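Peer 1: Provide a 3D model corresponding to the input given below.
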Amino acid sequence: MEKPNLVLVHSFPTNSILLHGLGEFLEDYFTVHFVDLPGFHKDVPALEGDITIKKFSDYLDEKIQGLNIGEYVIGGISFGFLVVNNAKLDKRCKAILAIEPFINSQCLNISFWTQKKYIIISLILQLLHTLKLERNIWKASWFSKFLQEEAGCSKDSMDLIIEHIDPGTFFTVIEMLMNYKKYPTFHNLPYFLIGNFTDNIIDFSLVLKVFAENLHELHIISDPIDHFPKDLSKNYFESHIPKEHIHRMIACMEENS
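Peer 2: Reported below is the predicted structural model:
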């Protein structure tokens with residue numbers, strides 16, 4: 001039986017290389033088309049001019065148009081969901097997977113003072129970007145260690161982030177996310193809300209409320225996935241995402257085809 005097409009957009013700050021284990025896991029069930037956004041992979045140059053969510057979403061629409069596929073579902077991981085949900089998408093799209101979705105800064109499950117700290121950091125990063133000093137900071141070992149501690153990721157993952165991600169894109173996007181207040185406008189499609197409902201990064205009670213109040217068809221799948229897994233291997237995702245959850249999701253998709 002032919003596997004359904006899945007267009008997948010990575011989280012911040014990752015790419016298809018960092019999330020290769022997730023891609024390998026999903027390829028057991030889907031034909032995966034991984035889209036690396038501009039500035040997040042050294043083979044995909046950063047956007048020219050201002051960096052905005054709209055430009056990322058427009059880029060995604062262009063990439064989808066270039067795919068020689070029929071019907072597909074699309075998944076966005078954290079920041080990737082924001083990009084996916086703001087894309088136009090075309091009539092071939094049959095469902096949206098909201099994986100650990102970032103909807104706005106209000107959905108971050110962090111304290112008032114922690115949020116203020118991140119806003120201050122984002123302002124400093126924005127200043128560095130304006131002064132064109134970001135590349136000097138980006139290559140500094142102390143900055144890499146700082147980012148590693150903040151994200152809770154492995155050194156190998158951080159090394160890949162430093163190697164692949166454009167520092168201007170990184171600094172601009174983190175500032176954008178910390179100050180992003182808009183609530184989503186949803187597509188008239190089935191949505192699958194997927195994630196760890198005990199996540200200490202995303203306030204799932206708020207996310208679920210927003211989704212439930214605005215969607216006609218919402219499927220909820222709770223899996224114990226860390227928001228920033230240190231282990232990004234296929235084995236990690238196999239052990240944390242039950243097969244029956246994937247099969248239930250595909251069955252729902254087929255009903256809507």
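Peer 1: What is the least confident helix or strand in the protein?
Peer 2: Lowest by mean pLDDT, DSSP states H and E among the helices and strands of the chain is helix 112-130, with a mean of 72.
Peer 1: Only alpha carbons, please: show that one as CSV.
Peer 2: The C-alpha coordinates for helix 112-130 follow below in CSV (Å, rounded to 0.1, in the frame of the first residue of the first chain):
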residue,chain,number,x,y,z
PHE,A,112,7.3,36.1,34.4
TRP,A,113,11.0,36.7,35.3
THR,A,114,12.3,34.1,32.9
GLN,A,115,10.2,35.6,30.1
LYS,A,116,11.6,39.0,31.0
LYS,A,117,15.1,37.5,30.8
TYR,A,118,14.5,36.1,27.4
ILE,A,119,13.1,39.5,26.2
ILE,A,120,16.2,41.3,27.4
ILE,A,121,18.4,38.6,25.7
SER,A,122,16.5,39.0,22.5
LEU,A,123,17.0,42.8,22.6
ILE,A,124,20.7,42.3,23.1
LEU,A,125,20.8,39.9,20.2
GLN,A,126,18.9,42.3,18.0
LEU,A,127,21.4,45.0,18.9
LEU,A,128,24.3,42.7,18.0
HIS,A,129,22.6,41.9,14.7
THR,A,130,22.1,45.6,14.0
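Peer 1: Grab the nearest non-local neighbour of residue 69.
Peer 2: On the basis of C-beta to C-beta, 6 or more residues apart in numbering, the spatially nearest residue to residue 69 that is not a chain neighbour turns out to be residue 5, at 4.7 Å. For glycine as for every other residue, the C-beta is placed from the backbone atoms N, C-alpha and C.
Peer 1: An error on my part: the question was meant for residue 207.
Peer 2: residue 107 (5.4 Å).
Peer 1: so that neighbour touches residue 205, yeah?
Peer 2: No: the criterion here is C-beta atoms under 8 Å, and residue 107 misses it with residue 205 at 9.6 Å.
Peer 1: So between those two, which is more surrounded?
Peer 2: The neighbour count for residue 107 versus residue 205, taken as other C-beta atoms under 10 Å, is higher for residue 107 (18 against 11).
Peer 1: ok, the more buried one to residue 164 distance?
Peer 2: Residue 107 sits at a distance of 27 Å from residue 164 (criterion: C-beta to C-beta, to the nearest Å).
Peer 1: Following element in sequence after the least confident helix or strand of the chain, please.
Peer 2: helix 134-138 (DSSP states H and E).
Peer 1: Please name every helix or strand in contact with that next one.
Peer 2: Counting contacts by 3 or more C-beta pairs under 8 Å, 6 or more residues apart in numbering; DSSP states H and E, helix 134-138 is packed against helix 112-130, helix 167-178.
Peer 1: quick one: buried residues of that helix?
Peer 2: Burial within helix 134-138, assessed by neighbour count using 16 or more other C-beta atoms under 10 Å, is assigned to 134, 137-138.
Peer 1: Adding pLDDT as columns, could you present these in JSON lines?
Peer 2: What follows is the buried residues of helix 134-138, written out as JSON lines (pLDDT from 0 to 100):
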{"residue": "134", "pLDDT": "73"}
{"residue": "137", "pLDDT": "80"}
{"residue": "138", "pLDDT": "82"}
